[in-house]
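>>> Model the structure of this input:
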Amino acid sequence: MTLRAICFHGHFYQPPREDPWLGLVEPEPEAAPDRDWNARITRECYRPFGQARILDAADRLAEVTNLYGAISWNVGPTLASWLATHAPDVLAAMRAADAEGVVRTGHGHGWAQPWGHPILPLSTARDVATQVRWGLADFAHRFGRPAHAMWLPEMAVDVPSLVGLADAGIEVTMLSPHQARRVRPLGAGDDAWRPVTAATLDAGRVYRCRLPGERAIDVVFRDAVASAEVAFGDDLRNGALLARRLRERLASARGDTLVTVAVDGETYGHHHRFGEMALAFALRALREDPSITLLGPQAFREKAPAQWEVDLVPETSWSCPHGIERWRSDCGCRTGAARGWTQAWRAPLRLAIDWLRDELAVLFAARGGELLRDPWGARDRYVECLLAPARRESFLAAEAGSRLSPANAVQARRALELARHALAMQTSCGWFFDDLAGREALLVLRHAARALELAETLGRRLEGGFVERLAGARSNVVGGATGAEVWRQRVRPARPVAVRVAGTSALLAVLGHTVRVPGYDVTFSSTPAAGRLDAEARVTETTTGAVTRVEVDADAATAVCRLGDERVDLREAFGAQRERVLEAVGRSAVARVRDGRRASLEEAGPLLQPLLAGGERLSVELGLLLGYEEADAIAMALAAGTADLDALIARATTLRARGVAMPADWLAPRIAQAIEDRVAALPAGAPAALRLLDLAAAIGATPDLGPAQVRTLAWWDGAAPADRLTGPVTALLDRLRVAPRA
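Predicted coordinates for the structure are as follows:
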């Protein structure tokens, strides 16, 4: 029987947004209303993708599906690391889906990805090997199994890159049709080769790509047309439309065929709002079609093994029609730059980074060779410390050629960190976008700055040579600054980071705030007294163990810390520090306002309460004042779980009629959480959930009921029939607009 299959593949990835010194993502104001872009895209895409909604004809929630279990996907290690800490539920949804795939088909849904998302054809063979090994180690750590398929960053490919994958045990990867040059039946002679183009390649087959040394790797080609329609067209406007168009793509297929739609995972929800809902609807419709099978590339490959061989066009990618020029020249590819902008800066940036990469490799081999048994092998294994930082000490003991002195242990850790940043500075995103002063290019440069700093501690000063090569670049913004000016103004720290850590930490200490800087441990030789701190700060880098001692003289009255002849004020605080200060200041200010408001209302109570009881309407100012007080009381009652909901509803109704305006947007998420908590206790929680919906209506709040809807549907799927049919549950389903499929 002919196999007619469809696969969606999502490339879920974010660049390494962490500050190279602090090891965390600093606040990114342009990602508002979220703290940073990782948080925003998680809210818009990664979390909804694991809880995709399917609505019925009346726009009621009928089904929720974990799309990570319905498609093939890869998740970048830098993103997976962030999710593990900040959104573990998303990573858990991926993990559960992958495990279910292994049980059902023998193949998980997840693919690995090289660790730092470099353009592999622009990397050295040694760096390719490490990037692949780190990516495989990260995948095994997250998902508890080895990966046999790997996504190539930007689908950038050449033979040495594929050799690196094959040597690591990778069996299959994915490319675009225009990357194929010629094909022939497996086992045929050279005269059987026939040239192909993107239009003539049969992209529905699995192909074998033979490599030097009897190696081979199988290649699945994405359907470029269908993928473009999903990524850039209107296919995600309507799930039924998407399903119909994919059926049409299969209609003319001959023999076993796999139509693969491969796009950035962020397409679903971030680039196209509610895109995950359209995909979920389409997949359900396709699943109900008996002539179509939904199958991942690995499972399809097992059922329809490669019968053809492919020869590839070297140095090509999926997002640059000029090959891989987007990452080394002004090829014309851009993301939407203003007229007159140029990407000529890419070539000097590539020149500088490649030069530094090679110089750092020489330094690492020399200094690492003095301290480690096998420096390059140690680099390959150093990923263990990234995945489990507590293992650094035992790792170093195992890798050292002999027992290291404390000073040499610090140098060995510096060498390994230097090697890590040398890989991170090659991240493809640094060249993909439109300006040298853009966020992604600056991240690449900041990793280079950290590597240069570490190189100097290991005995080599390379900054001059790096900046000389970077100087030929010119930004389209910030006054047309040269690469050297961008480096000095936007990248290289004005003072050593450890000194800045000491100064800002001392200043925060005298101002009464917690002294904590990610990536560093800070202690002082004395404690603040009378608003001053005159002490020695001991700053320890957590990654290398290096210690810096700095004399600090901080004064709370002037909000300045003196470091010898230098001064530090709060403008030099790190984003994470400023964030905590603002939160503390905000809490303190709100507390004072709340106390003053409460005192004023208590003083006015003897007059106010009789007037309210008599039906008088309050002035706007007094209505707002009382509204915030009532909102606080409601929030506290909901948080305590002891709210008399009937009393709250009655009072809210009365007060609104008297002109009291409660901050509905502030209360809405608190009511939503309370509803979700009651839904978690169904069927017993149904009456309280209904009254909370009444409370929201009485206040004029519009809570996000999505989480409660998802929980309700999940409960329904496992509930006993008798529990489903109670009056409160039926009413709650109606109010939440949940209509489980029969």
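
>>> Flag the shaky bits of this structure, pLDDT-wise.
Scanning the chain with the threshold set as pLDDT under 70 gives 478, 742.

>>> what's the longest helix along it packed up against?
In the chain, with assignment by DSSP state H, the single longest helix is helix 575-613. Judged by 3 or more CB pairs under 8 Å, 6 or more residues apart in numbering; DSSP states H and E, helix 575-613 is in contact with helix 497-510, helix 620-640. For the C-beta atoms, the positions are set from N, CA and C on the backbone; glycine is no exception.

>>> Could you give me the buried positions within the longest one?
Burial within helix 620-640, assessed by neighbour count using 16 or more other CB atoms under 10 Å, is assigned to 622-632, 634-635, 637-638.

>>> by how many degrees do it and helix 575-613 diverge?
Angle, helix 620-640 to helix 575-613, by axes from the mean of the first three to the mean of the last three CA atoms, to 10 degrees: 110 degrees.

>>> Which strands and helices lie in contact with whichever helix or strand comes after helix 620-640?
Where DSSP states H and E defines the elements, the next helix or strand beyond helix 620-640 is helix 645-657. Where contact means 3+ CB pairs under 8 Å, 6+ apart, helix 645-657 is packed against helix 620-640, helix 686-699.

>>> After helix 645-657, heading C-terminal, what element do we hit next?
helix 664-679.

>>> Identify the residues contacting that following helix?
Helix 664-679 is contacted from outside by 631, 634-635, 638-639, 641, 643, 685-686, 688-689, 692-693, 695-696, 699-705, 707-708, 711-712, 715, 732, using CB atoms under 8 Å, 6 or more residues apart in numbering.

>>> Any of the residues you listed buried? List them.
631, 634-635, 638, 643, 685-686, 688-689, 692-693, 695-696, 699, 701, 703, 705, 707-708, 711-712, 715, 732.

>>> And the helices in the stretch 401-550 of the chain, which stretches?
With DSSP state H, counting those that start in this stretch as the criterion, the stretch 401-550 of the chain has helices at 406-424, 429-432, 439-457, 463-470, 483-486, 497-510.

>>> what packs against the second one?
Contacting helix 429-432 under the criterion 3+ CB pairs under 8 Å, 6+ apart are the following elements: helix 346-371, helix 439-457.

>>> mind checking how far the shortest one is from the chain centre?
The one in question is helix 439-457. Centroid displacement of helix 439-457 relative to its chain, using CA atoms, centre = their mean, to the nearest Å, is 21 Å.

>>> And it, what does it pack against?
Judged by 3+ CB pairs under 8 Å, 6+ apart, helix 439-457 is in contact with helix 346-371, helix 406-424, helix 429-432, helix 463-470.

>>> just these: most buried one?
Among these, the stretch with the highest mean neighbour count (mean count of other CB atoms under 10 Å) is helix 429-432, at a mean of 24.

>>> pretty sure residue 575 is in contact with residue 25, am I right?
No: between residue 575 and residue 25 there is no contact under CB atoms under 8 Å: 9.0 Å.

>>> Can I get stretch 148-156 in PDB? Just the C-alpha atoms.
Extracted in PDB, the C-alpha atoms of stretch 148-156 (Å, rounded to 0.1, in the frame of the first residue of the first chain):
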ATOM      1  CA  HIS A 148      19.800  10.100  15.900                       C
ATOM      2  CA  ALA A 149      18.500  13.100  13.900                       C
ATOM      3  CA  MET A 150      20.000  16.600  13.900                       C
ATOM      4  CA  TRP A 151      18.800  20.000  12.600                       C
ATOM      5  CA  LEU A 152      21.500  22.000  10.900                       C
ATOM      6  CA  PRO A 153      21.500  25.700  11.900                       C
ATOM      7  CA  GLU A 154      20.000  27.700   9.000                       C
ATOM      8  CA  MET A 155      20.200  24.300   7.100                       C
ATOM      9  CA  ALA A 156      23.800  25.500   6.200                       C
END
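
>>> oh, and call the first residue 468 from now on, that's how I've got it
Sure thing, new numbering starts at 468, so read that last one as stretch 615-623.

>>> ok, and what's touching it?
Under CB under 8 Å, 6+ apart, the answer for stretch 615-623 is 478, 541, 578-581, 584-589, 599, 602-603, 628, 632, 635-643, 646, 764-765, 782-787, 791, 794, 895, 899.

>>> run the last query once more with 6 Å
The contact list for stretch 615-623 (CB atoms under 6 Å, 6 or more residues apart in numbering) reads 478, 541, 578-581, 584, 586-588, 632, 637-640, 642-643, 765, 784-786, 791, 895.

>>> repeat for stretch 847-862
Residues from elsewhere that reach stretch 847-862, judged by CB under 6 Å, 6+ apart: 597, 600, 601, 604, 608, 883.

>>> Same question for stretch 809-825.
Residues from elsewhere that reach stretch 809-825, judged by CB under 6 Å, 6+ apart: 795-797, 889, 892, 898, 903, 915, 933, 936-937, 939-941, 950.

>>> check which helix or strand covers the residue nearest to residue 1208 when sequence neighbours are not counted.
The shortest distance from residue 1208 to any non-neighbouring residue, by CB to CB, 6 or more residues apart in numbering, is to residue 529 (5.1 Å). According to DSSP H and E, residue 529 maps onto strand 528-532.

>>> List the contacts of the closest residue to residue 994 other than its chain neighbours.
Leaving out its chain neighbours, the residue that sits closest to residue 994 by CB to CB, 6+ apart is residue 1000, at 7.5 Å. By CB under 6 Å, 6+ apart, residue 1000 lies in contact with 973, 976, 977, 1021.

>>> Residues contacting the helix or strand encompassing the last one, please?
Here residue 1021 is covered by strand 1014-1022, with elements defined by DSSP H and E. Contacts of strand 1014-1022 from elsewhere in the structure, counted by CB under 6 Å, 6+ apart, are 965-966, 969, 973-974, 977, 999-1001, 1003-1007, 1028-1029.

>>> Quick check: residue 805 vs residue 788, distance?
Per CB to CB, to the nearest Å, residue 805 is found 22 Å from residue 788.

>>> Please identify which of the two sits among more neighbours.
residue 788 (13 against 10; other CB atoms under 10 Å).

>>> Quick one: classify the more buried one as helix, strand or coil.
Using DSSP: H, G, I helix; E, B strand; the rest coil, the structure places residue 788 in coil.

>>> any idea what sits nearest residue 812, other than its immediate chain neighbours?
Closest to residue 812 by CB to CB, 6+ apart is residue 940, at 3.7 Å.

>>> same question, residue 540
Closest residue to residue 540 apart from its sequence neighbours, by CB to CB, 6+ apart: residue 477 at 4.3 Å.

>>> so what's that neighbour up against?
By CB under 6 Å, 6+ apart, the contact set of residue 477 is 538, 540, 732.

>>> Among those residues, which are located in helices?
Of the contacts of residue 477, none are assigned to helices by DSSP H.

>>> I'd like the residues you listed laid out as TSV, including neighbour count.
Shown next, in TSV, are these (neighbours: other CB atoms under 10 Å):
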residue	neighbour count
538	22
540	25
732	27
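
>>> Which of those sits closest to residue 1125?
Of all the contacts of residue 477, residue 1125 sits closest to residue 732, with 50.5 Å by CB to CB.

>>> Surely the closest one is in contact with residue 479?
Yes: using CB atoms under 6 Å, residue 732 is in contact with residue 479, at 3.6 Å.

>>> so where do the helices sit in the stretch 618-767 of the chain?
Counting by DSSP H, counting those that start in this stretch, the helices of the stretch 618-767 of the chain are 626-634, 691-699, 706-718, 742-754, 764-770.
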